[in-house]
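# below is the sequence, then the predicted model.
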Amino acid sequence: MTEIDEADVLAAAMAGSVLNGGARGARQVVQAAVLRRCCHELAGQVDPRGLRLGNVVVAGRLDLGGLTVPFPLRFESCEFEFPLAVEGAELFELAVTGCPRLPGLLGNGLRLRRDLDLSRSTVAGACWTSASTSKSSAIWLCESEIGGRLLGIDSAFDGLGGRCLQADRMHVGGTVRFIHGFSARGEIRMIGARIDGSVDLDGAHLQAADGAAVDLGDAVIGGSLFLTEDPDDRRPVIDGRFDAGSARIDGRVVIRNATFRAAAGAPKGSIYARSTAAGNAIDAPRLSVGAEVNFAEGCEVTGRIDLSMSDMSSLSIGADCALHAPGLTALDLTNAAVRALVRLDPKATVEGTLRMSGAVIHGTLALHGMLSDPENLSIVGGSAMTVDGDVYLTGLRTSGGRVNFQGATLGSVSAAGARLHNPGGYAIRFSQAVIKGSVRLDDEFTAVGLVTISRSTIEGRLQLTGGVFTCPGPAPGNPRGHALEARSATVRGGIDLGWKAVTPSADFSDTTTTHLADDPQNWPDHFTIAGLTYERFENPQGAPPRRVWDQAARCAWLGRQTEFESGPYEQAARVFRQHGYTDEAERILIAERRHANRVNHAGASWLTRALDVAYSAVGYGYRPSRVLWFLAVLLVLVVGSLEIPAAQATLRANNGNGVVFSTAGPLSPSGGPASAGAAGNGPARPDACGDGQVRCFSPVLYAIDTVIPLISLDQRTTWYADPHAPWGEVVMWWLNLATMLGWLLSSIFVLSLTRLARSP
C-alpha cells in the first residue's frame, strides 16, 4: 500500500480536484497530519471547491477539533484507521460518503455551515466522550449545529454494544434523512434536538439490544416524521423502543408498512430510564403533533404505543395494521387532546386495550376493527373521555373485554352491526355518560354480555332496532345476569325497542323518556320496568303496522314483570288516559288490582279471598255502574221477598199507643187481626194503616229504604219483622243482610266515584 506525497495532496487541494487514491487498483494512504496541515496552516491556499479525496486510507488520527475550515471536506470511498474528530470545529461542509470503514465520528460542539453527509458509509465504533458517563457511541454530535442536512442514505451505523448516534440538543437547519438501506445497531439518540426540516426514516432498519432504538425525547421537528417503505418496498423495521416523549412535531407523522418491536427486557444502562417504558414499542407521552398521526396500511407494532397526554390533529390506524400487546395496553391516549379524528380501520386488528380515559377528541371517534386480549377488563377504556363529534362503532368486533364509556361525554353513538363478545362482564358500558345525540345499537348489533346505559343522559334517541342482546349468566357487576340495563337513564328523544332478541332479561327501572316504541309481545321472558316513565307509545322503526293503543297487549306485558310493581300499571294507565283512552286506562288499573291480589293474597284466608272476589266483581271501584246493577238486583230480591204473603205476615208496626199493626191491619191481643172498633171508640175501619196511625207498608219503598242507606222513607223504621211470628226470624236476618249489603255496595259506589274524581 503506497503513500501519497504531501505535495500531491496540496496540489489537488489547490486545484480543487479530486485526489483519487485508487487509480492504481488499490487504495493509497494519506497521512492524517497532511490533511490537518491543509485545513489549518495551508487553508488559505485551498480552492473554494474544497479538499476532496477518493479511495484513500487516512492513516493516523485526523483531528480537526477547534479548527475553522472555510471549504468543503469530502471523503468518497475512503477508509479511516481512527475516528474522525471534529469537536468544536467550524466547517463549511463535511461529506464522508461510501466509506467502508469509519471507526467513529467525534463532533460534539461542531458548527457546520452546510450538510453533514454520511451516506453509503459504515460507521462502527465505541467512542467515549465527556457528554456521557454511561454509554459509548459511534457518532457524537451533541450541541452541534448543522446548517444544512444530516444524511445517512444507505448507511450502516454500529455502536458495538453502545449507542450508534448521540446528538443531544443538536440543531439541524435542514432535514435528517436516514433512509433506503440505512441500518443501525444501537440507539439513535437525539434528545432535545431542534430539526428545522423533517425526519425521514424510510426503509430504515434500526436495532437496539435493550432500551430505545430511537430517542427523540423533547425534540422539536419543524417538518414531519416519516417511517414508510422506500422505493424498493423495503419496510422500516424498528427493533427496540421508539421514544418521542415531550417531542414537538409541527408537521405530520406518517408510518406506513413499518414494523415496530419492543425491546425484550426492561431498559438497562441508564439511571434515567423510566420503568414504565418497559414493553413500549412507541413511547411518546406528551407528544405534540401539528397535523395528523397516521399509521397507514400494513403497519405492525409489537408492544405498547404510549401517546398519553399528547396533542395532535388526528390519529388513524389504517387497513391491515396490527397492534400486538396481548394482556397490555396496545394504544394509550390517556388525557390526550385530538383536534379532529381518531379512527381504527375495519381491516385493522388490535391485541390489547385501547385506553382513552380522560382524552378529549374535538372531532370524531371511529373504531371499526377487531379488538381482543385486553388488559384487565376494558378492551376500550374511554371512561371520562370527551368526544365533541360522533362515535362510530359500526362493524367493531371485540373479544374478551368491555367497551367502556363510563362517565364520558359523547356527541352521538352508532354501533350498527358491531359484534361485542364479553360473556363474563360488560359488552359495552355507558354508565353515567352524557350523550348529546342518539345511541344506535341496531342493524344486526350483537352483544354477548351486559349492555348498560344506567344513569346516563341521552339527548337524542335510543335505537335498538334489530339488535341481539345476550348474557350467559350472572357475573361481577351484573349479579342478576341482565343482557340489557338502563337503570335511572334519561332518554329525551324516545326509546325504540325493536330488538330481535334479549336473553334472558332487561332492566329499565326508573328510566325516563318521551315515547316508548316497542312490541309488548317481544319483550324478554324476564324484565323490570319499575319507575319507567314515558309520554306515549309508538311502533318500532321498520316494524309492520299494528294497533299501538292495545290495552289487552299492554296488560299482558305488564303482567309478565319479573317482580310485581304497581307503578308500571299506573304509568301505562296515565298515558292511555292522557291520550283519550279512558276506558282502556281503567281496564289497565283493574288488571293491576288483579295482579296485586294474586301476588299479595296468595295463601290468604277464605274471607280475604272472598272479599277480593266481591271487590273484583265491581271492577275494584273502577266500574261503579256494576254496583248499581248489584243494587238493582238486591232491590228486586228484597221486593220479591216482601211480596210473599208469608214474609209480609211477619212484619209489624206500632202506633206509639201500644197498638200493633200487621200489613193487614191492627192485631188483636191474641195476635190476629183486631175486630171492628177495637182500634178506637169509633166504628171499625178497613184501613190497614189504622187510618194513618202508622205509615202504610209498601214492598217497593220498604226495599228501597232497606237497601239504599242514603235514602230514608221511614219504612224500615216503621215496619219490623217479628221474630216470634212464623218465619219471622228468617225475614229479620234477610232484611238485616240486605241492609248490610246495601251499605257495602253503596259505599263502594261512593268510593268509586271519589276515586274517579281524583284520577287525572
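Here it is on my side, so go on.

# when you work out contacts or count neighbours from here on, use the C-alpha atoms and nothing else.
OK.

# shaky segments in the chain?
1, 23-25, 265-277, 600-625, 668-688, 690-691, 751-760 (pLDDT under 70).

# tell me how many other residues crowd P699.
If you count neighbours by other C-alpha atoms under 10 Å, P699 ends up with 18.

# same question but for T512, I mixed them up
Number of residues near T512 (other C-alpha under 10 Å) recorded here: 23.

# how about it, phi and psi?
Per-residue torsions, T512: phi -120, psi 130 (degrees, to the nearest 10).

# contacting residues around it?
S488, A489, T490, V491, R492, L532, T533, Y534 (C-alpha atoms under 8 Å, 6 or more residues apart in numbering).

# filter those down to the buried ones.
Buried subset of these (neighbour count, 16 or more other C-alpha atoms under 10 Å): S488, A489, T490, V491, R492, L532, T533, Y534.

# got the contact list for the second one?
For A489, the contact set (C-alpha under 8 Å, 6+ apart) comprises I453, S454, R455, S456, T457, I458, D510, T511, T512.

# L631 falls within a strand, correct?
No - using DSSP: H, G, I helix; E, B strand; the rest coil, the assignment for L631 is helix, not a strand.

# and the gap between it and T409?
Computed as C-alpha to C-alpha, to the nearest Å, the L631 to T409 distance reads 63 Å.

# which residue ranges of the stretch 601-750 of the chain form strands?
For the stretch 601-750 of the chain, strands defined by DSSP state E, counting those that start in this stretch occupy the ranges 651-654, 660-662, 665-666, 720-721.

# for the second one, packing partners?
If you count contacts as 3 or more C-alpha pairs under 8 Å, 6 or more residues apart in numbering; DSSP states H and E, strand 660-662 packs onto strand 651-654.

# next one: the first one
Counting contacts by 3+ C-alpha pairs under 8 Å, 6+ apart, strand 651-654 is packed against strand 660-662, strand 720-721.

# got those strands as CSV, with distance to V575 columns?
Formatted as CSV, those follow (distance: least, C-alpha to C-alpha, whole Å):
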stretch, distance to V575
strand 660-662, 60
strand 720-721, 52
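
# centroid-nearest residue for the chain?
Centroid check for the chain by C-alpha atoms, centre = their mean gives F405 as the closest residue, at 2.8 Å.

# am I right that that residue is in contact with M385?
Yes - counting by C-alpha atoms under 8 Å, F405 touches M385, with 7.4 Å between them.

# looking at it, V301 is touching I317, isn't it?
No - assessed by C-alpha under 8 Å, V301 is found out of contact with I317, at 11.1 Å.

# ok, those two, which is more surrounded?
I317 (28 against 24).

# show me the contacts for the more buried one.
Taking C-alpha under 8 Å, 6+ apart as the test, what I317 contacts is N294, F295, A296, E297, R343, L344, D345, A348.

# what strand or helix carries the first one?
N294 belongs to strand 292-295 when assigned by DSSP states H and E.

# next structured bit after that strand?
strand 300-302.

# what sits up against the following helix or strand past that next one?
Per DSSP H and E, strand 300-302 leads on to strand 304-306 as the next helix or strand towards the C-terminus. By C-alpha under 8 Å, 6+ apart, the residues outside strand 304-306 that reach it are 262, 279-285, 324-325, 328-333.

# just the buried subset of those, please.
Buried by 16+ other C-alpha under 10 Å: 262, 279-285, 324-325, 328-333, out of the contacts of strand 304-306.

# of those residues, which belong to helices?
Here DSSP state H is the test, and the buried ones among the contacts of strand 304-306 give no hits in helices at all.

# give me the beta-bridge partners of L94?
L73, L116 (DSSP bridges).

# so it makes contact with E76?
No - L94 is beyond contact range of E76, at 11.0 Å (criterion: C-alpha under 8 Å).

# so V69 touches E90, yeah?
Yes - with contact defined as C-alpha under 8 Å, V69 reaches E90; the gap is 6.1 Å.

# buried residues in stretch 644-657, which are they?
By neighbour count with 16+ other C-alpha under 10 Å, stretch 644-657 contains the buried residues A647, Q648, A649, T650, L651, R652, A653, N654, N655.

# same list (these) but as CSV, adding distance to T175.
Putting the buried residues of stretch 644-657 into CSV (distance: C-alpha to C-alpha, whole Å) gives the following:
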residue, distance to T175
A647, 123
Q648, 125
A649, 128
T650, 126
L651, 125
R652, 127
A653, 127
N654, 129
N655, 130
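
# now do the buried residues in the lengthiest helix in the chain.
Determined from DSSP H, the single longest helix within the chain is helix 728-758. By 16+ other C-alpha under 10 Å, the buried positions in helix 728-758 come out as 728, 730-732, 735, 738-746, 748-749, 752-753.

# for G162, which of the strands of the stretch 601-750 of the chain is the nearest?
Smallest distance to G162 across the strands of the stretch 601-750 of the chain (C-alpha to C-alpha): 123.1 Å, for strand 720-721.

# return the list of helices and strands in contact with the closest one.
When contacts are defined as 3+ C-alpha pairs under 8 Å, 6+ apart, strand 720-721 packs onto strand 651-654, helix 728-758.

# mind running it again at 6 Å?
Packing partners of strand 720-721 (3 or more C-alpha pairs under 6 Å, 6 or more residues apart in numbering; DSSP states H and E): strand 651-654.

# how far does the strand it packs on sit from its chain's centre?
85 Å (C-alpha atoms, centre = their mean, to the nearest Å).

# quick one: strands adjacent to that strand?
strand 660-662 (antiparallel), strand 720-721 (antiparallel).

# could you pull out the helices for this protein?
Secondary structure of the chain, counting by DSSP H: helices at 6-15, 32-39, 551-558, 566-578, 582-600, 606-617, 624-642, 645-648, 699-707, 715-718, 728-758.

# what are the buried residues along the third one?
It stands for helix 551-558. In helix 551-558, counting by 16+ other C-alpha under 10 Å, buried: Q551, R554, C555, W557, L558.

# right, and the helices of the chain - which one's nearest R120?
That would be helix 32-39 among the helices of the chain, by C-alpha to C-alpha, at 22.0 Å.

# and the closest one with helix 6-15, angle?
Angle of helix 32-39 versus helix 6-15, following axes from the mean of the first three to the mean of the last three C-alpha atoms, to 10 degrees, is 30 degrees.

# okay, buried residues for helix 32-39 please.
Quick answer for helix 32-39 (16+ other C-alpha under 10 Å): A32, A33, V34, L35, R36, C38, C39.
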